[in-house]
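>>> Could you work out the structure for the sequence below:
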Amino acid sequence: MNQDQLLAGLAALATDAPAGLLDRIAARWVRVPGPIGELTVAFTDQGIAYLRHGDGFAAAFRRRFGRPLVAAERPPAGLLPALRSGRLSGLALDLRGVSDFQRDVLAAVQGIPRGEVRPYSWVAARIGRPTAVRAVGAALADNPVPLLAPCHRVTRSDGGLGGYVFGAAAKERLLEEEGVDLDRVRGLARERVFYLASDTTGVVCFPTCHNARRITARHRHGFRTIAQARAAGYRPCRTCQPAQSGSSALTGAAG
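Below you'll find the model as predicted:
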């Protein structure tokens, strides 16, 4: 057999790569505008896997996921609207690299409405782990998809912002742009008021709940704890569910 016949025989053994093989091995990346400037986003055939702001994206992605990156021609459908609105609206997240605990935490923060905040203790109670407040902070600090799983909406129980993967200034900017009155929240916290109740509805809420924002001054009452509000005859809001939180502050947590 001469060389040409050998090469022809080897070529006959070759087959085309299965459809979608590249997407199963590599992730695609793209740069897009975001609420705090340009973002770099990696996505797979399963959804958005990683989102970061600033330099060092490729190295950080490879350390974390051990997958190659391929430049994408365009962002996945739904990504830009999700970044603008803060709602996924069907955009999928690829969270295969996180623990079950962290997945539960990220799912809980996705339920916090735009323009509102919840304490770390609320998230812990929401996932059925009320004593795991610091673990919640650690899970949010390691959030692979901030903004899409909006950990900036989780703050300390004492009225402080807490940490954030993109820094405290970015967290404050995001919340203010969403309509959170941080000066009011801080002012209430200085007065040791962490819940607001209405004597017309008999309901007690977190201060940023859209129901609390409608309470007029003459009908508004502040409480340090839900227990105090219950003792005064108020029931927890069904919307913001303040009963799923503790009264103790979480210091040093990051989101």
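>>> Can you list the residue ranges for helices in the stretch 51-200 of the chain?
Taking DSSP state H, counting those that start in this stretch as the test, the helices found in the stretch 51-200 of the chain are 57-65, 79-85, 100-109, 120-126, 133-141, 168-177, 182-190.
>>> helix or strand for the closest residue to Glu38 other than its chain neighbours, which one?
The spatial neighbour of Glu38 that comes closest, neighbours along the chain excluded (C-beta to C-beta, 6 or more residues apart in numbering), is Arg31 at 5.7 Å. For every residue, glycine as well, the C-beta is placed using N, CA and C. Arg31 belongs to strand 27-34 when assigned by DSSP states H and E.
>>> could you give me the average pLDDT of that strand?
For strand 27-34, mean pLDDT is 96.
>>> quick one: contacts of the following helix or strand past it?
Next helix or strand after strand 27-34 toward the C-terminus (DSSP H and E): strand 37-44. Residues outside strand 37-44 that contact it (C-beta atoms under 8 Å, 6 or more residues apart in numbering): 23, 27-33, 48-53, 57, 61, 65, 69, 72, 75-76, 79, 83, 94, 147.
>>> mind running it again at 6 Å?
Residues outside strand 37-44 that contact it (C-beta atoms under 6 Å, 6 or more residues apart in numbering) are 27-32, 49-53, 57, 61, 76, 94.
>>> are any of these buried, and which?
The neighbour count (16 or more other C-beta atoms under 10 Å) marks 27-30, 49-53, 57, 61, 76, 94 as buried among the contacts of strand 37-44.
>>> Switch those residues over to a markdown table; also include distance to Glu176.
Rendered in a markdown table, the data for the buried ones among the contacts of strand 37-44 read as follows (distance: C-beta to C-beta, whole Å):
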| residue | distance to Glu176 |
| --- | --- |
| Ala27 | 33 |
| Arg28 | 33 |
| Trp29 | 29 |
| Val30 | 27 |
| Ala49 | 29 |
| Tyr50 | 26 |
| Leu51 | 21 |
| Arg52 | 22 |
| His53 | 17 |
| Phe57 | 26 |
| Phe61 | 30 |
| Pro76 | 28 |
| Asp94 | 30 |
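>>> Go through those residues and say which is closest to Pro242.
Leu51 (29.8 Å; C-beta to C-beta).
>>> residues touching that closest one, list them.
Leu51 makes contact with 39, 41, 145, according to C-beta under 6 Å, 6+ apart.
>>> Compare these and tell me which is most surrounded.
The most neighbours of any of the contacts of Leu51, using other C-beta atoms under 10 Å, belong to Val41, which has 25 neighbours.
>>> What's opposite it in the beta bridge?
Val30, Leu51 (DSSP bridges).
>>> thinking again about what came up before, return the closest of the buried ones among the contacts of strand 37-44 with respect to Cys240.
Nearest to Cys240 among the buried ones among the contacts of strand 37-44 is Leu51, at 26.6 Å by C-beta to C-beta.
>>> confidence score at that closest one?
98.
>>> and Val204, what helix or strand is that in?
Using DSSP H and E, Val204 sits within strand 203-205.
>>> Show me what that strand is packed against.
strand 195-198 (3 or more C-beta pairs under 6 Å, 6 or more residues apart in numbering; DSSP states H and E).
>>> list the helices and strands the strand it packs on packs on?
strand 203-205, strand 220-223.
>>> let's see it at 8 Å
strand 203-205, strand 220-223, helix 226-231 (3 or more C-beta pairs under 8 Å, 6 or more residues apart in numbering; DSSP states H and E).
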